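> Sequence and predicted structure, then a few things I'm wondering about:
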Amino acid sequence: MVSRIRHIAVVILCTLMAGCGGSSSVEPEALVSDQELSDLITLDGQRRLQNFVLPESNDFASIPQDARNPLSAPKVELGKLLFHEPALSANSLHPSAVGTFSCSTCHHSGAGFRAGAQRSIGDGGSGWGQNGEGRRFAANYPGVDVDAPGLKSPTVLNSAFQKVMLWSGGAGANGPNAGTDAAWGNIGGSAANHHGYDGLESQAIVALTVHRMFKPVATQQLVDDNPAYRALWDAVFPGEPVSDEKIGLAIAAYERTVLANRAPFQRWLKGETGAMTEPQKRGALVYFSDDAACSDCHTGPALASMAFYALGMPDMPGESSLGRGEFLGEEESVFKFKVPSLYNLADSPFLGHGGTFSSVAEVVDYYVTGVPEQSLPAGRVTDQFHPLTLTTGQVADLIEFVRGALRDPELDRYVPSSVPSGGCIPANDTQARADLGCQ
């Protein structure tokens, strides 16, 4: 970690000096032609700019969805409320934590729909701070009982474009997981795969059990006691009893609409040529160039993919993560993790599957240096991971593109102003309520 930070400092210093020669005269950068950038992204007409455009959140026809869980405005609204509803946490191990956390506790808008801390804490957590960084184990909760996964919480943002979910890709019955039935368990992240849904639906369903939320009688009462929930439930699931499957479907429908479609790069793709700054446009040229080849893996509307790679990134301290191998149980998949979306990385100081990178600059530096920090078995590190030949200026521009052009600054639009129970969003324990100023 120290060497990584030292390397970043040298890169930044060299950039400020316009090269390590220390010359004070800086040649003005040539303005980036929008046509040049467009040609590079489209590979001279082999693909379209539209291939990278995120749809509007209410354009349901353009948002990928599970055929068995079609989007509708009432379903999305129901899922939006339930996603942020702390009263949904009815199955805590200890009565003191009932009604104190929600899905949004570990996936909140301020952190790009990730957790604001390195380790997300649901059941058994206390406090919030300013952006989730102050969440801690509750003082009256035995440490072994706290729900605090050993992997950085993956983002919900742009997840409509992922057939499978989780760092291991273990949630979801289709896409890369078609034919992996033998690996599906009856508990844990793959348990809901037996329903046959895509990753978002499967993850939303199983999370209600894994993260100690759904409790049949209490959750039914939550819907029955709140007219807003009752009306939405009857509109979306008429005549159906409350179940973890139906709640998961509603939450997944909402999650599919959580899209970073107001990021500067998205606005540029839609014709707003002034949406990106010149450094961001130069960074986009680097991103899509053969020299950096970022778009080989981080591609499509979400700048992600459903591929799995071993890059030797560090695990969370005290944890040992096997990635795709943990799900499939095969040696060749051990230490391989799913390619994540690159949008709104700047909203979190904890990046990578272990949350061990503190900034976009550190992540970019890791790729440029191309040296795995973990010692992996021979031949396991993916061939695409190797040192990159980029100038200090190119590195700085690439950081600007990822950090700024790929950041949607208005994610709060996906957060309801309140939830029917009156609970505090995104966490409702006593200390979190105080931190958040909830009355």
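All right, it came through fine. As the structure is a computational prediction, the values presented were derived from the model and not from experiment.
> in the chain, what secondary structure element scores lowest on mean pLDDT?
Lowest on mean pLDDT, DSSP states H and E among the helices and strands of the chain sits helix 2-16, with a mean of 44.
> Following the chain onward from that helix, which element is next?
Sequence order places helix 34-41 as the next helix or strand after helix 2-16, per DSSP states H and E.
> Give me the buried positions along that following helix.
Within helix 34-41, the residues that count as buried by 16 or more other CB atoms under 10 Å are 37, 40-41. All C-beta atoms are positioned from the backbone trio N, CA, C, and that covers glycine.
> Would you mind giving those residues as a markdown table with pLDDT and distance to F335 added?
Output for those, formatted as a markdown table (pLDDT from 0 to 100; distance: CB to CB, whole Å):
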| residue | pLDDT | distance to F335 |
| --- | --- | --- |
| L37 | 96 | 35 |
| L40 | 95 | 32 |
| I41 | 95 | 31 |
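> Pipe these into JSON lines and attach distance to C294 per row.
Shown next, in JSON lines, are the buried residues of helix 34-41 (distance: CB to CB, whole Å):
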{"residue": "L37", "distance to C294": "14"}
{"residue": "L40", "distance to C294": "12"}
{"residue": "I41", "distance to C294": "12"}
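> And the residues you listed, which is closest to G274?
The nearest member of these to G274, counting by CB to CB, is L37 at 13.2 Å.
> Next up, the contacts around that closest one.
Residues counted as contacts of L37 (CB atoms under 8 Å, 6 or more residues apart in numbering) are 281, 284-285, 288.
> swap the cut-off to 10 Å and go again
L37 makes contact with 49, 268, 273, 276, 281-282, 284-285, 287-288, according to CB atoms under 10 Å, 6 or more residues apart in numbering.
> Just give the closest residue to F83, not the sequence neighbours.
Spatial nearest neighbour of F83, chain neighbours left out: C103 (4.5 Å); criterion: CB to CB, 6 or more residues apart in numbering.
> And for Q280?
Distances taken as CB to CB, 6+ apart put A405 closest to Q280, at 4.1 Å, once the chain neighbours are dropped.
> C-terminal to the helix or strand hosting L200, what's the next element?
L200 is part of helix 199-210 when elements are defined by DSSP H and E. Next helix or strand after helix 199-210 toward the C-terminus (DSSP H and E): helix 216-225.
> Output the contacting helices and strands for the helix or strand following that following helix.
Moving toward the C-terminus from helix 216-225, the next helix or strand (DSSP H and E) is helix 227-236. Where contact means 3 or more CB pairs under 10 Å, 6 or more residues apart in numbering; DSSP states H and E, helix 227-236 is packed against helix 73-83, helix 216-225, helix 244-256.
> run the last query once more with 7 Å
Judged by 3 or more CB pairs under 7 Å, 6 or more residues apart in numbering; DSSP states H and E, helix 227-236 is in contact with helix 73-83, helix 216-225.
> if I read this right, V258 contacts F113, doesn't it?
Yes. Proximity of V258 to F113 meets the contact threshold set by CB atoms under 7 Å, at 6.3 Å.
> between those two, what contacts are shared?
Residues touching both V258 and F113 (CB atoms under 7 Å, 6 or more residues apart in numbering) are 156-157.
> Of these two, which one has the most company?
Taking V258 and F113 together and counting by other CB atoms under 10 Å, F113 has the greater number of neighbours (29 against 25).
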